[in-house]
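Engineer: I'd like to go over a predicted model; first the sequence, then the structure.
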Amino acid sequence: MTEGLSGSFPVVIPYVGIFLRDHWEQITTEPWWVAYSWDLPSLLRVQESLMEKLDLDWVEVGLCPSKRWREGHAVKEREGRLFLEDLLSGESEEIRRPPIGGEKATWIHRTLVKSSEDVETYVPVEDHEVLIGNGSLDHVAALVERFGREKFIVAHVSAPLWASYHYLGFRGTLVSLFKAPRLVDYLLERLTLNALERLRAYAQAGVDGVWIEDCLCSANEISLGHFERFALPYAGRLVSEVRRLGMKSIYYLCGDPRDRLEKITELGPDAISLEESKKGFEIDIAWVDAIVRERACLFGNLDAIGLLPNAGRKELEREIKRQLEVGRRSGRFVMSLGSPVTPGTTVGRVREYVEMTRLLGRVESRS
């Protein structure tokens, strides 16, 4: 996928899982709660239906609960309510369908880690051989077997600094960068070791590439100095390990990259993906192309918030064509969106975006 053009441009959307959550009934007849019971045949049928509806050029994968957990749990209905039941103990927990558009993050105000002992408690390092042996890669393996010969199989991994926010909270992370840098380093080291083990597990399962997500680490949130000190070295270890394992890395920075895009490029990821212009900053794909200078494959950043759901056909075609023209200069380009598909964007419009990209790519290639 990162090797450039092959008759036309590859076309994807980021965060396919969010799209599926918000458009479940338009994609599949499987009940929404199979995502909680982890019935793998049902989830495979969901993915087959999704690919039939959208025909994307990649399939997203991730870890699942262990085989022992899956065999020991089931979703049961009682008085019109659904419960996830532990078949051994009989204990159960009510489950509710995730709301369309998602829920507000609860971790943003929470501080779990206040000491190195807390880091060891909350961030155990899971060996990749254990993950494979206990069945946590079974869903990945099933998707690789079903789609691996025709689609790019991509897994998601959080970059360590972004992952640290979930343990320190938003304010706690920012304060700790100044007041407790050694604690942050220790947390980042453990998160990095955990991510490296996941990368090794994904590689053994036959995954093609890894989406390395870095959020709340842009010029909107932290200084360039802190980015170079706490983000780049740890993300760089993930990029290097992905390469060593024979996979492709896609580095995604959420937010304003204006003073750090060159630094990101120097990390050596196989591909770079960025948001669309919004929140007071501008990210023009031609500007990105001029800085990256063919050192990485570019992912498009078509506006998923305003343009994709609302534009007329000609306007959508014009923007796709503009981005493809940028990609054609280097020959290393994947058509994508800057953000997840919004809940109000129809399945038909996403399919139109996919088909239009393929058509324009073929037409321009022949001309």
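Structural biologist: All right, it came through fine.
Engineer: what pLDDT, on average, does stretch 204-219 get?
Structural biologist: Summarised as a single mean, pLDDT over stretch 204-219 is 97.
Engineer: again but with stretch 54-73, I slipped
Structural biologist: 97.
Engineer: Endpoints of it, how far apart?
Structural biologist: Using C-alpha to C-alpha, to the nearest Å, the end-to-end distance of stretch 54-73 comes to 32 Å.
Engineer: what pLDDT does the residue positioned nearest the centre of the chain get?
Structural biologist: With distances taken as C-alpha atoms, centre = their mean, H156 lies nearest the centre of the chain, 4.5 Å away. As predicted, H156 sits at a pLDDT of 98.
Engineer: same question, R362
Structural biologist: 80.
Engineer: next one: S330
Structural biologist: pLDDT, S330: 85.
Engineer: mind listing what's buried in the strand or helix carrying R68?
Structural biologist: R68 is part of helix 67-71 when elements are defined by DSSP states H and E. Buried residues in helix 67-71, counted by 16 or more other C-beta atoms under 10 Å: R70. Heads up, the C-betas are built off the backbone N, CA and C, glycines and all.
Engineer: For it, which outside residues touch it?
Structural biologist: S37, W38, D39, L40, C64, N134, G135, D138 (C-beta atoms under 8 Å, 6 or more residues apart in numbering).
Engineer: I'd like to know which elements the helix or strand bottoming out on mean pLDDT in the chain is packed against.
Structural biologist: When each helix and strand of the chain is scored by mean pLDDT, DSSP states H and E, helix 347-366 comes last, with a mean of 88. Counting contacts by 3 or more C-beta pairs under 8 Å, 6 or more residues apart in numbering; DSSP states H and E, helix 347-366 packs against helix 40-54, helix 307-310, helix 313-330.
Engineer: what are the C-alpha coordinates of that helix, in PDB please?
Structural biologist: C-alpha atoms of helix 347-366 as PDB (Å, rounded to 0.1, in the frame of the first residue of the first chain):
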ATOM      1  CA  VAL A 347     -23.100   4.700   4.000                       C
ATOM      2  CA  GLY A 348     -24.000   5.700   0.400                       C
ATOM      3  CA  ARG A 349     -21.900   8.800   0.500                       C
ATOM      4  CA  VAL A 350     -18.900   6.900   1.900                       C
ATOM      5  CA  ARG A 351     -19.200   4.400  -0.900                       C
ATOM      6  CA  GLU A 352     -19.500   7.300  -3.400                       C
ATOM      7  CA  TYR A 353     -16.200   8.700  -2.000                       C
ATOM      8  CA  VAL A 354     -14.600   5.300  -2.500                       C
ATOM      9  CA  GLU A 355     -15.900   4.800  -6.100                       C
ATOM     10  CA  MET A 356     -15.100   8.400  -7.100                       C
ATOM     11  CA  THR A 357     -11.500   8.100  -5.900                       C
ATOM     12  CA  ARG A 358     -11.000   4.900  -7.900                       C
ATOM     13  CA  LEU A 359     -12.600   6.300 -11.000                       C
ATOM     14  CA  LEU A 360     -10.600   9.500 -10.900                       C
ATOM     15  CA  GLY A 361      -7.400   7.600 -10.200                       C
ATOM     16  CA  ARG A 362      -7.900   5.400 -13.200                       C
ATOM     17  CA  VAL A 363      -8.900   8.200 -15.500                       C
ATOM     18  CA  GLU A 364      -5.900  10.400 -14.600                       C
ATOM     19  CA  SER A 365      -3.500   7.400 -14.800                       C
ATOM     20  CA  ARG A 366      -4.600   6.800 -18.400                       C
END
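Engineer: so who does the residue nearest to E228 when sequence neighbours are not counted touch?
Structural biologist: Distance criterion C-beta to C-beta, 6 or more residues apart in numbering; nearest residue to E228, sequence neighbours excluded, is K263 at 6.6 Å. Taking C-beta under 8 Å, 6+ apart, we find K263 in contact with L224, F227, E228, L232.
Engineer: Now do the phi/psi pair for the first one.
Structural biologist: With angles defined as degrees, to the nearest 10, L224 sits at phi -60, psi -40.
Engineer: What of E85?
Structural biologist: phi -110, psi 130.
Engineer: Look at it and say how many residues are nearby.
Structural biologist: 18 (other C-beta atoms under 10 Å).
Engineer: and if you look at R97?
Structural biologist: Residues near R97, counting by other C-beta under 10 Å, number 13.
Engineer: ok, for it, nearest residue in space, not its chain neighbours?
Structural biologist: W32 (5.2 Å).
Engineer: any idea whether the one you found is helix, strand or coil?
Structural biologist: coil (DSSP: H, G, I helix; E, B strand; the rest coil).
Engineer: quick one: buried residues of the lengthiest helix in the chain?
Structural biologist: When the chain is parsed with DSSP state H, its longest helix is helix 181-205. Across helix 181-205, burial judged by 16+ other C-beta under 10 Å covers 183-184, 186-192, 194-205.
Engineer: Same check on stretch 82-90?
Structural biologist: Neighbour-count burial for stretch 82-90 [16+ other C-beta under 10 Å]: L82, F83, L84, E85.
Engineer: which one of those is nearest Y122?
Structural biologist: L84 (22.9 Å; C-beta to C-beta).
Engineer: hang on, that closest one in a strand?
Structural biologist: Yes: assessed by three-state DSSP, L84 belongs to a strand.
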